[in-house]
Each structure stands twice: as C-alpha cells, then as structure tokens.
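Visitor: how would this look folded up:
(one chain, ligands or ions: 1)
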Amino acid sequence: FPKGTFDQQTSVRKYDAQDNIQDSVRLSEYSRVAQPLRNRTDFVTSLSSVSPKFAWQMGHPQQQMLGSAGTGETVSRGGIPVSNSFGSKTFPQAIIIGVKKGGTRALLEFLRVHPDVRAVGAEPHFFDRFYDRGLEWYRNLMPRTLEGQVTMEKTPSYFVTKEAPLRLCAMNCDTKLIVVVRDPVTRAVSDYTQTLSKNPGLPSFQSLAFRNSSSLDTIDTSWSAVRIGLYAQHLEGWLRHFPLSHFLFVSGERLVADPAGEMGRVQDFLGLKRIVGDKHFYFNQTKGFPCLKKPEGSGRPRCLGKSKGRHHPLIPPEALQKLRDFYRPFNQKFYHMSGQDFGWD
Ligand SMILES: Nc1ncnc2c1ncn2[C@@H]1O[C@H](COP(=O)(O)OS(=O)(=O)O)[C@@H](OP(=O)(O)O)[C@H]1O
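Guide: Residues are numbered from 1 along each chain as shown. I've put the predicted structure just below:
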C-alpha cells in the first residue's frame, strides 16, 4: 500500500509522509492496483513501485505489515510475504478528524508506536470524498485487529466537511473523535506554505487572505486557509451529532513542545495503557521537531518527512496582526465550547 510499502531487504515498513492530495491519489491507486493483487507474492514489489520515496521508517513489528493500506493482509516472515488472516477488520473506534496542518500526521505516527493501535497509513477520505463507495469499502481499508486493539484513521478534512458528522454517526455514534488544533493564524500560513510548495506562482498570502491587500480591511473568509481556522463554527456542526465527551482536543503546539505529555492525554482518552512516553521521543535539532527514537535493537530514529515542518514564508506583521484580531472572538468561543484555553491570543 502507498503509505505502508515494504522493503524486502530491511524488512521495515517504509512510510512516505506526504500531504493530503498525494494521499488520496495514492489511495485510488491502491484501489486500482492493490486490490486485485491481494495474497499474491508479487504484491510487495508492485506496491513498492507505487511509492518510491521513503521518508519515515517504522520499526514496530506489528506495523511491519503490507497490503490493504498497511492493513495486515500480508506480513513478512524472513522477507517472504505470507497471508495474514489473524484478527478482523472493524470500523475505526477512533478517528483523527482534523484539523488540516494541525499536526495530525505526527499524532497518528506517534500513536502507531503503541502496540494496541492499528491505523490506516493513508487518509481514506471516506466521509468527505468517497462516501458513495459504501461502508464495506471503508471497512476493508482497515487493518486487521485483534481483541482489545484500537483501529484508527486520520483525515483532517472531515472536521470542515458539513456532511461528515451525520455520516460518521450513521456508522457509529460512539466513535471517539480527536481534533488536533493549532493557532489558526499559523495554521493558515502553514496551509498557504503547502499550496505554495506545489504552485510557486501563487499570489501573496495577504492578497489571498484579504479582499483588498493594500488596505487589509476585510478578511476573505471564503479562502479555505482562513475558513478552516474558524474552529468554533465547525465544531458546532459536530456537536449536533456527538456529545462533547466524545471529543479530545489535542494542542498542536503542545504536541511539538511536549509530545509525551500530550500523548499521555491521548492514550487515556482512547482507554489505552500509557506506553508511548518520554523514552520514545528526542528533539531533532536539524529538523526542529520531536522525532521518534529508534526502536530497541534496530532501525533508525524517525522524523516526519520534509513536507512536515516546512519553513514558512515571511508574512507582513500587520497582516498577521489583522488575522489575529479577526480570529480572537472565534478562538474565545472555541475555548468556551471545548472547555480548554489553547492560549493563542
Ligand atoms: N514531530 C513533528 N514533526 C514534524 N512536523 C510536526 C511534528 N509535530 C507537529 N508537526 C506539525 O505538523 C504540521 C503538519 O500538520 P498535519 O500533519 O496535520 O498536515 S496535513 O493536514 O496532514 O497536511 C507541520 O506544519 P508545518 O510546520 O507548517 O509544515 C508541523 O508544524
């Protein structure tokens, strides 16, 4: 599978940390290429050729799976792929629903270190883009799990998709929902940086964020990079279908400053033993972010790929200040609704 290809020589699942668009392109490649190849021994080679770029290597034995989105259809025994029929595919009991550029990939990869978490590597985009493919299609994307293991996926666009709450509740209203939130101003710049990296001719940040970039008077809320940061508005839609107790709001800032502390909260929320902690992280000076230490006895330390933790372009301070002022009341409302002060103001 695109997000969980397998290197036969090192027997380590290789993970390519890419962004949403590439994720979904690869997901459709997966549907087309991987499904007919299930249980065939040339599966590994075929899928490796789909994703030649490897940025993240995971070494946990339970993660060293291949096939069906790293779903455990096939495991390696001494480099030879064999069919894995242990466990069953269940709908996710917990989903990281947002927010885009909040730190959702870091959270999922940190969670995957936990032996009782099994997750789809790519973003399935089921509740926004591929809903017409049906629930069985979705369930089939999931990794096989054993009793007591938690099945997870992450698709950050769910949080801002109007139809997603109703659809997700139709699958299971007891699903636990995790939202990684980040200062909406920095989040908007991060979002812009990602688009700029694909389209270097993009107009300036301020000409997209404001109706009139010379006066900086009116914020353009139709620009998705701005709109996504209106967390209170999006949360309102979700609270019509799920009680607040089903949500965990993770601070994107704390996930960087204190990953072990934030992971403690997440594991508690998921009802998991606190296994992922201080000893799993180190701060990588070059990357400027926490990375995972190498698994005992093997592998390399693992940082997220270069599409995570990009350098942001310089934005005029007055534009950032206007945005900060704009978001303040929405942030206050969000703190009130979530019962947590994220300290962005
Ligand atoms: N450990 C670690 N390593 C690298 N990056 C980290 C980490 N923890 C959080 N982050 C922040 O994650 C931001 C990307 O967020 P997402 O993974 O949610 O992006 S996406 O929506 O899936 O595209 C990314 O945003 P940018 O810094 O703007 O690139 C990072 O700030």
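
Visitor: For the chain, what lies in contact range of the ligand?
Guide: Counting by Cβ under 6 Å from any ligand atom, the residues of the chain close to the ligand are 19-20, 100-106, 156, 190, 193, 255-256, 289-290, 304, 308-310. For glycine as for every other residue, the C-beta is placed from the backbone atoms N, C-alpha and C.

Visitor: Among those, which ones are in helices?
Guide: In this view, these that belong to helices under DSSP state H are N20, T104, R105, A106, S190, T193, L255, V256.

Visitor: Let me see the contact set for the last one.
Guide: V256 is in contact with G103, A106, F289, P290, counting by Cβ atoms under 8 Å, 6 or more residues apart in numbering.

Visitor: Tabulate these (a markdown table), appending distance to D116.
Guide: As requested, the contacts of V256 are arranged in a markdown table below (distance: Cβ to Cβ, whole Å):
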| residue | distance to D116 |
| --- | --- |
| G103 | 22 |
| A106 | 19 |
| F289 | 25 |
| P290 | 22 |
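
Visitor: Dump those to JSON lines, plus neighbour count and pLDDT.
Guide: Formatted as JSON lines, those follow (neighbours: other Cβ atoms under 10 Å; pLDDT from 0 to 100):
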{"residue": "G103", "neighbour count": "29", "pLDDT": "98"}
{"residue": "A106", "neighbour count": "25", "pLDDT": "98"}
{"residue": "F289", "neighbour count": "17", "pLDDT": "98"}
{"residue": "P290", "neighbour count": "21", "pLDDT": "98"}
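
Visitor: N140 - nearest residue in space that isn't next to it in sequence?
Guide: In this structure, N140 finds its nearest non-sequential neighbour in K89, 6.3 Å apart by Cβ to Cβ, 6 or more residues apart in numbering.

Visitor: wait, isn't the one you found in contact with Y138?
Guide: No. Look at K89 against Y138 with Cβ atoms under 8 Å: they stay out of range, at 9.8 Å.

Visitor: mind checking the SS state of the closest residue in space to D268 that isn't next to it in sequence?
Guide: In space, and not counting its chain neighbours, D268 is closest to R274: 7.2 Å by Cβ to Cβ, 6+ apart. Put simply, R274 is coil when judged by DSSP: H, G, I helix; E, B strand; the rest coil.

Visitor: Relative to the whole chain's centre, how far out is stretch 234-249?
Guide: 18 Å (Cα atoms, centre = their mean, to the nearest Å).

Visitor: Run through who's touching it.
Guide: With Cβ under 8 Å, 6+ apart, stretch 234-249 has contacts from 97-98, 159-160, 162, 165-166, 168-169, 173-179, 181, 228, 265-266, 269, 334, 337-340, 342.

Visitor: Tell me which of those fall in strands.
Guide: Counting by DSSP state E, the contacts of stretch 234-249 place I97, G98, K176, L177, I178, V179, V181 in strands.

Visitor: ok, for the first one, nearest residue in space, not its chain neighbours?
Guide: Put plainly, it is I97. Y158 (4.0 Å).

Visitor: didn't K154 look like it was pressed against L108?
Guide: Yes. Using Cβ under 8 Å, K154 is in contact with L108, at 4.7 Å.

Visitor: shared neighbours of the two, which are they?
Guide: I96, A119.

Visitor: So which of those two has more stuff around it?
Guide: Neighbours per residue (other Cβ atoms under 10 Å) separate K154 from L108, with K154 holding more: 26 against 20.

Visitor: And the helices in the stretch 151-300 of the chain?
Guide: In the stretch 151-300 of the chain, the segments counted as helices under DSSP state H, counting those that start in this stretch are 164-171, 184-198, 205-209, 224-227, 231-239, 252-257, 259-269.
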